[in-house]
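K.L.:
Kindly generate the corresponding structure for this input.
(one chain, ligands or ions: 2)
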Amino acid sequence: MTVLITGGAGFIGSHCCVSFLEAGHDIVVLDNLSNASSLSLERVAAITGRKVSFVVGDIRDQAEVEEVLHRYKCTAVVHFAGLKSVGESTKMPISYYDNNVVGTLRLLSAMDNAGVRQMIFSSSATVYGEPQFLPLTEDHPTSAVNPYGRTKLMIEEMLRDVAASDPNWRFGILRYFNPVGAHDSGLIGENPLGIPNNLMPFITQVADGRREQLAVFGNDYETADGTGVRDYIHVSDLVDGHLRAHEVLAEGAAPSNCFTVNLGTGNGYSVLEMVRAFERASNKEIGFSFSPRREGDVAECYAHTERAEQLLNWKAKRDLDAMCRDTWNWVCKNPAGYAAEAAE
Ligand code: NAD
Ligand code: UD1
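P.N.:
Numbering: from 1, shown residues only. Ligands and ions are numbered 1, 2, ... in the order given. Coordinates of the predicted model:
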């Protein structure tokens, strides 16, 4: 019983490898390393004391995926592989539809041919668009305002159609809120290339002196302090949610063969609250100035967590201070991410 983890060398995927290996599962990672270093998997092996089977490959290569599923006798897939930058998706929509939508289609075809019919898919709270009510339940209407979000919605629809066609398929669609943090060993974490788009990696680069100050996008939202509110979730909690989803699917314990679940904490924190929490964790001052709102941003976004609690018996445990502390620990131990070691 081996689980194929696509995109397993990336930020969330590498933490998922740790979680699954520590739970006693056998895994094989397939990643084309377009946004990752294979060193993350060496670190996963160091943390868990277990060897990680790794194939450098692309989910769009159906024949190779099929061969890997057969060779490792896989029974399930956890599917992280894909491109994830909203801004980039508006400039390179073809790449986004190709990697995310076509890639998932090829992966499904390979699974179908290999007789592997269980998948967990990384979706995003971005599919809720502008919130009509809060907290966001899984039944909130969906909409997408950029190609990245549309790829997630299209894939969700594809999976529901496949599930409806044959009860032997089993899907867990997990909608992540804002994953941050790092493994508490400081050995694996987020390794953004170029200028980070997301808040937490940007704050860390101000704290360690790589960037002068944070631009806070908007201080005129209808929130307590005027800045945007999000549901940040520790990546280690997030991947434990995947482990539970895998178990529920494997046991056939879900009420249907395709479920959709939010993975968030249910708590919203503003940009300024994040800045203060990171200052506490790092003992560094985070300089910032207010900038205009970023196009496409919503004022507030946080999860309704009841379905995850009931269906998965899972709840996020780590608080904002732990998220900031573990991120800072990772950055201090790896000031150049995986790059320094890769260059040796
Ligand atoms: P990441 O970029 O660190 O990981 C994605 C991995 O997939 C990378 O290792 C990359 O090399 C690999 N990959 C990309 N295209 C591939 C392809 N065609 N074939 C094989 N490998 C490929 O990103 P992440 O933050 O770990 O995100 C993982 C998943 O979760 C993505 O699908 C992303 O859209 C989704 N997600 C992420 C967030 C977030 O804030 N990080 C939020 C919601 C959803
Ligand atoms: C962004 C994406 C979303 C994606 C998510 C996780 C956009 C419009 N949305 O969401 O689709 O699913 O990342 O990858 O890109 N902020 C600043 N200064 C910064 C960066 C961010 O003030 O330099 C603010 C934002 O305005 C927001 C909050 O910090 O209020 C969080 O931003 P971010 O980390 O980019 O996440 P999202 O906006 O939730």
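K.L.:
Around ligand 2, pick out the residues from this structure.
P.N.:
84, 86, 124, 126, 178, 197-199, 202, 214-217, 228, 230, 271, 294, 296-297 (Cβ under 6 Å from any ligand atom). Bear in mind the C-beta positions are built from the backbone N, C-alpha and C, glycine included.
K.L.:
Out of those, which end up buried?
P.N.:
With neighbours counted by 16 or more other Cβ atoms under 10 Å, the residues of the chain next to ligand 2 contain buried members at 84, 86, 124, 126, 178, 198-199, 202, 214, 216-217, 228, 230, 271.
K.L.:
of the residues you listed, closest to residue 288?
P.N.:
For these, the closest approach to residue 288 (Cβ to Cβ) belongs to residue 214, at 4.1 Å.
K.L.:
Dihedrals phi and psi, the closest one?
P.N.:
Backbone geometry at residue 214, expressed as degrees, to the nearest 10, gives phi -90, psi 140.
K.L.:
out of everything not next to it in sequence, what's closest to it?
P.N.:
Excluding its sequence neighbours, the residue lying closest to residue 214 (Cβ to Cβ, 6 or more residues apart in numbering) is residue 288, at 4.1 Å.
K.L.:
list the contacts for the one you found?
P.N.:
Each residue near residue 288 by Cβ atoms under 8 Å, 6 or more residues apart in numbering is listed here: 206, 213, 214, 215, 216, 275.
K.L.:
cutoff 7 Å now
P.N.:
213, 214, 216, 275 (Cβ atoms under 7 Å, 6 or more residues apart in numbering).
K.L.:
same question, residue 239
P.N.:
12, 15, 16, 19.
K.L.:
Quick check: it vs residue 230, distance?
P.N.:
19 Å (Cβ to Cβ, to the nearest Å).
K.L.:
got it, and residue 337?
P.N.:
Taking Cβ to Cβ, one finds residue 337 at 23 Å from residue 230.
K.L.:
got a list of what the residue of the chain found nearest ligand 2 touches?
P.N.:
The chain approaches ligand 2 most closely through residue 228 (2.2 Å), counting by Cβ to the nearest ligand atom. Applying Cβ under 7 Å, 6+ apart, one finds that residue 228 lies in contact with 217, 218, 221, 270, 271, 297, 299.
K.L.:
Spatially, what comes nearest to the residue in the chain that ligand 1 sits nearest to if we skip its sequence neighbours?
P.N.:
Across the chain, no residue is closer to ligand 1 than residue 10, which sits at 2.2 Å (Cβ to the nearest ligand atom). Nearest residue to residue 10 in three dimensions, chain neighbours excluded: residue 36, at 4.6 Å (Cβ to Cβ, 6+ apart).
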